Every structure is written in structure tokens, then in C-alpha cells.
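K.L.:
Sequence and computational prediction follow.
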Amino acid sequence: MRDRHATLLFFSVNLSLVMEFIPTPEELRALRRRAGLTQAELAKRAGVSQSLIARIEAGTVNPRLSTLAKIYNALREYVEEEVTVDRVMHSPVITVSVDESVERIVKVMWDNGISQVPVVDKSGYVIGTIHERDVVDAFLKYRERALHMRAIDVMSEPLPMISKNSKLSSVVKLLRSEVPAVLVIEEGKPIGIVTRSDLMKFFAGFWRERG
């Protein structure tokens with residue numbers, strides 16, 4: 001009896017979770033429009049007819065939960081695979097010059113609450129990155145002398161760089177690794193940056209603010 005009760009509780013909890021993330025017809029219409037998909041495009045991706053999408057959004061048909069889940073998953077996959085980076089990135093990008101002192105760099109990072117900062121040359125092109133660990137290592141190795149060292153003396157390799165028209169999925173793959181951020185570049189210069197916090201903000205806003 002106890003096992004049966006536990007099983008029923010398991011399915012009850014999981015069903016409530018499924019219902020929480022499957023949108024209502026009104027929410028589905030809002031999400032589709034926010035994603036920039038037509039009814040025909042969404043129908044093709046979900047493997048259903050356009051007329052079914054239209055009737056669901058109009059509230060004239062009561063679809064199965066599995067059908068709504070199929071449409072929702074098609075919409076979710078589209079957002080993750082087709083949305084471009086410029087919809088997720090934040091700008092302007094905080095940078096430091098190649099000749100900036102470590103003392104100044106520490107202040108920039110502290111004041112802006114960032115854990116890494118791109119290093120640019122005199123023309124504005126990215127040539128490296130300074131991470132928190134780079135600064136800490138410099139202080140441990142050089143002590144007070146580190147304050148007067150330059151960015152070029154302590155920087156690491158540049159962050160991965162992509163164009164603003166790159167797909168969001170490419171950024172997701174990078175940020176799921178050890179990469180802390182991805183730079184968005186135009187004509188060789190940074191115009192935006194995407195961190196894990198930006199991804200969280202985008203997905204939370206897209207999927208939760210359905211109205």
C-alpha cells in the first residue's frame with residue numbers, strides 16, 4: 001500500500017510540473033508571436049496542421065495534453081536553435097585598454113560586479129581577457145608590485161567571439177562548458193557580451209512572462 005501511495009504521489013507531482021510548463025492556448029499564441037513564428041511555421045515544426053494551431057489559439061478546440069506538449073516543445077526548440085545572439089546579449093561591453101594598470105582594472109571589475117573583462121588595443125580590437133584568477137595570481141606572485149603591472153602583463157586568451165547573427169544554440173554550447181562569457185563582435189570590435197546570467201534572464205523572461 002505504501003509503494004502504491006508513493007507511486008501515485010510521484011505521478012501527481014510530475015503531472016503538476018508538466019501542467020505548469022505547458023502553456024494555455026492564450027499563452028501559446030503570445031509565445032508564438034514573441035518568437036516571431038507564423039502559425040504555419042509552428043505547425044510545420046510541430047508536425048500538426050495550421051488549422052489545428054489556429055483553432056487551439058482561438059479556443060475552439062480542446063487539444064490533448066500531449067498535443068499541446070508537442071507544440072510547446074517545437075516552440076522551445078525553435079527559440080533555442082533559431083533566436084539570434086543580438087536578442088540575448090547586453091551592451092555596451094566594459095573593456096580595459098592594454099596599458100591599463102592592474103590597480104585600475106581591479107576597480108573596474110569591482111565597481112561593475114564582473115568577474116572578467118576584455119582587453120582591447122588602441123584601435124579597440126580584442127586581444128585578451130583578464131579574469132579574477134589572473135588578478136589573484138598576479139598578487140600572489142608579485143605582491144604589491146602587481147598593482148602597477150599592465151593588462152598585457154597579466155591577461156589570458158580572448159573570450160570566444162561570435163557575430164550578432166549567430167544562433168543562440170552556439171552560445172548555449174559554449175557557456176555550458178568552462179567558458180564564462182562570449183563576446184559579440186562586429187568588424188572585429190566588441191558590441192555585446194553574453195554570460196550565463198544573460199541566458200537565465202532571457203529564458204526566464206521568455207518562458208515565464210507569457211502574457
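P.N.:
Okay, I see it. Just so you know, these numbers come straight off a predicted model, no measurement behind them. Numbers count the residues shown, from 1 in each chain.
K.L.:
This structure - how does it break down into domains?
P.N.:
2-82, 87-205 (automatic domain parsing).
K.L.:
Centre of the chain to the longest one, how far?
P.N.:
The reference is to domain 87-205. The chain centre lies 16 Å from the centre of domain 87-205; the measure is CA atoms, centre = their mean, to the nearest Å.
K.L.:
ok, now the first one?
P.N.:
The gap between where domain 2-82 is centred and where its chain is centred comes out at 22 Å by CA atoms, centre = their mean.
K.L.:
for it, what is the average pLDDT?
P.N.:
Domain 2-82 carries an average pLDDT of 73.
K.L.:
Mean neighbour count, the domains of the chain: which tops it?
P.N.:
Burial of those is given as mean neighbour count (mean count of other CB atoms under 10 Å); domain 87-205 ranks first at a mean of 16. The C-beta positions use only the backbone N, C-alpha and C, and glycine is treated the same way.
K.L.:
Helix or strand next in line after the helix or strand encompassing Ala30, which one?
P.N.:
For Ala30, the host element (DSSP states H and E) is helix 25-35. Once the chain leaves helix 25-35, the next helix or strand it forms, by DSSP H and E, is helix 39-46.
K.L.:
Show me what that next one is packed up against.
P.N.:
The contact analysis (3 or more CB pairs under 8 Å, 6 or more residues apart in numbering; DSSP states H and E) places helix 39-46 against helix 50-58, helix 65-82.
K.L.:
Adding distance to Glu144, write these out as JSON lines.
P.N.:
Output for those, formatted as JSON lines (distance: least, CB to CB, whole Å):
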{"stretch": "helix 50-58", "distance to Glu144": "66"}
{"stretch": "helix 65-82", "distance to Glu144": "48"}
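K.L.:
tell me what the helix holding Ala30 is packed against?
P.N.:
helix 50-58, helix 65-82, helix 196-208.
K.L.:
Next, the angle from it to helix 65-82.
P.N.:
Helix 25-35 runs at 10 degrees relative to helix 65-82, counting by axes from the mean of the first three to the mean of the last three CA atoms, to 10 degrees.
K.L.:
and of the helices and strands packed on helix 25-35, who's closest to Val102?
P.N.:
Of all the helices and strands packed on helix 25-35, it is helix 196-208 that lies closest to Val102, at 24.9 Å by CB to CB.
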